[in-house]
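> Let's see this in three dimensions:
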Amino acid sequence: MKKFVVPMLLAGFVLALLAAPASAAQPAQKDKEKPQPVKVYIPKEVKEPMLAGMAAKQARLDIPFEIFKTLYLPAQQAFYNVFFLKMKNADLGFAPAAAQVVDPAAPAAAPKLKATINMFLAFSKVENDKPATLVKEVYVPVTIEMDQTGFDPAKEEWYCVGYPLMPGQYLASIALASQDLKKIGIQYADVKLPDPKSFTASLDVTPIFFGKEYKQLQAPETKAELHKGFFMYSVLQVTPNIDNVFAVGENLDMFFYLFGTQPKEGGKYDIEINFEVIQGDKTAIKYAPGNFESPLVSLPLQLKQTLQIKKGEETRSETRDLPAGSYTLVLKIADKVSGLKCEKRVDFTVK
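Numbers count the residues shown, from 1 in each chain. Next comes the predicted model:
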């Protein structure tokens with residue numbers, strides 16, 4: 001197996017994030033000692049029911065939606081948190097978009113539907129297993145357009161919104177509200193962000209996710225926005241595989257970051273990862289060990305098996321795509337500098 005190579009685009013970008021100096025958005029250590037007043041971005045019509053439901057995480061569903069997945073990725077002195085939401089088209093109030101003046105000679109544009117709603121994010125520090133201190137309020141104006149042709153009101157779509165937070169334990173409150181604030185949907189999600197400096201005697205990883213597509217944009221996203229079918233990670237537009245389902249012949253394109261590894265003299269790391277795909281208690285694919293000089297791991301694994309085919313007196317090797325079925329990817333990770341080890345498992349399906 002060829003030596004694993006971290007894609008230059010993703011590796012260079014993330015490592016630059018980790019090495020960058022603290023920005024105004026993430027205060028330096030000396031500033032963290034001073035209480036920072038929370039700027040008010042959430043109107044009382046939304047904030048009052050949001051606060052009332054926090055202790056019991058009591059959802060309000062005037063506008064129904066679900067937070068079905070969360071993940072966090074490394075960023076300078078902080079973590080970039082991504083929240084995955086499911087919403088039905090009929091609940092977002094789509095209406096025909098206003099006609100625009102266009103060049104009469106241009107081809108007729110497909111008619112559009114538009115939904116305009118308000119999104120509010122609130123992050124509260126958790127103490128003694130209860131939300132205690134509100135540390136951040138965020139307003140996210142949302143406008144979604146879809147083609148009228150083929151529009152299905154009953155279809156459920158998924159969206160992403162992201163925001164950076166310092167290490168700690170939080171309760172995230174997410175609200176969707178109509179323009180007049182008469183209809184409000186509220187959901188809650190627990191956020192636990194480890195302190196990377198605490199990993200002195202163990203290894204761990206950020207949530208492992210599989211990507212479908214990475215696209216670099218010209219400028220980073222500097223404020224929270226809601227995106228349909230992808231999330232932003234500064235200048236990267238990331239389309240994840242949200243359900244870990246792959247077609248026969250596709251690759252597992254994974255991304256994660258390792259905590260607790262130690263660099264060698266000169267700053268490089270010496271990390272070995274053994275990857276194996278199992279089905280039940282049987283090995284389906286065993287890869288050659290991968291060696292990494294960075295705690296960032298971003299690489300594709302081909303889902304192909306090498307089988308020994310016996311015909312008569314002859315035996316030959318044949319490579320085939322992994323067939324449809326349910327599998328588990330096993331990662332056995334060893335930091336050769338510190339001697340620390342850990343094992344991670346991720347289930348996936350081939351259809």
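> from here on, contacts and neighbour counts on C-alpha atoms
Fine.
> Please name the nearest non-neighbouring residue to residue 343.
residue 332 (4.6 Å; C-alpha to C-alpha, 6 or more residues apart in numbering).
> same deal with residue 235?
residue 220 (4.1 Å).
> Could you double-check that the residue nearest to residue 343 sits in contact with residue 274?
Yes - using C-alpha atoms under 8 Å, residue 332 is in contact with residue 274, at 5.1 Å.
> Could you check how far residue 139 is from residue 181?
Distance, residue 139 to residue 181, using C-alpha to C-alpha, to the nearest Å: 13 Å.
> follow-up on the earlier one: against which helices or strands is the helix or strand containing the residue nearest to residue 343 packed?
Residue 332 is part of strand 325-335, with elements assigned from DSSP states H and E. Where contact means 3 or more C-alpha pairs under 8 Å, 6 or more residues apart in numbering; DSSP states H and E, strand 325-335 is packed against strand 271-279, strand 341-350.
> Can you give me the neighbour number for the residue nearest to residue 343?
Residue 332: 15 surrounding residues under other C-alpha atoms under 10 Å.
> One more: residue 291?
A count of nearby residues for residue 291, using other C-alpha under 10 Å, gives 16.
> same thing with residue 98?
Using other C-alpha under 10 Å, residue 98 has 10 neighbouring residues.
> Touching, residue 175 and residue 119? I think so.
Yes - contact status for residue 175 versus residue 119: in contact at 5.6 Å, counting by C-alpha under 8 Å.
> ok, those two, which is more surrounded?
residue 175 (26 against 22).
> host element of the more buried one?
Using DSSP H and E, the element containing residue 175 is strand 168-177.
> Okay, helices next: where are they in this structure?
According to DSSP state H, the chain carries its helices in the segments 8-19, 29-32, 44-52.
> Mind naming the longest strand for the chain?
Counting by DSSP state E, the longest strand found in the chain is strand 130-147.
> could you say what helices and strands that strand packs with?
strand 112-127.
> Identify the neighbouring strands of the strand it packs on in the sheet and state each direction.
Strand 112-127 sits in its sheet next to strand 95-96 (antiparallel), strand 130-147 (antiparallel), strand 168-177 (antiparallel), going by DSSP bridges.
> before we move on, the earlier item: between residue 139 and residue 181, who's got more neighbours?
Set residue 139 next to residue 181 and count neighbours by other C-alpha under 10 Å: residue 139 wins out with 18 against 14.
> The more buried one contacts residue 121, doesn't it?
Yes - applying C-alpha under 8 Å as the test, residue 139 and residue 121 come out as touching, 6.5 Å apart.
> what about residue 142, distance to residue 273?
Residue 142 sits 42 Å away from residue 273, taking C-alpha to C-alpha as the criterion.
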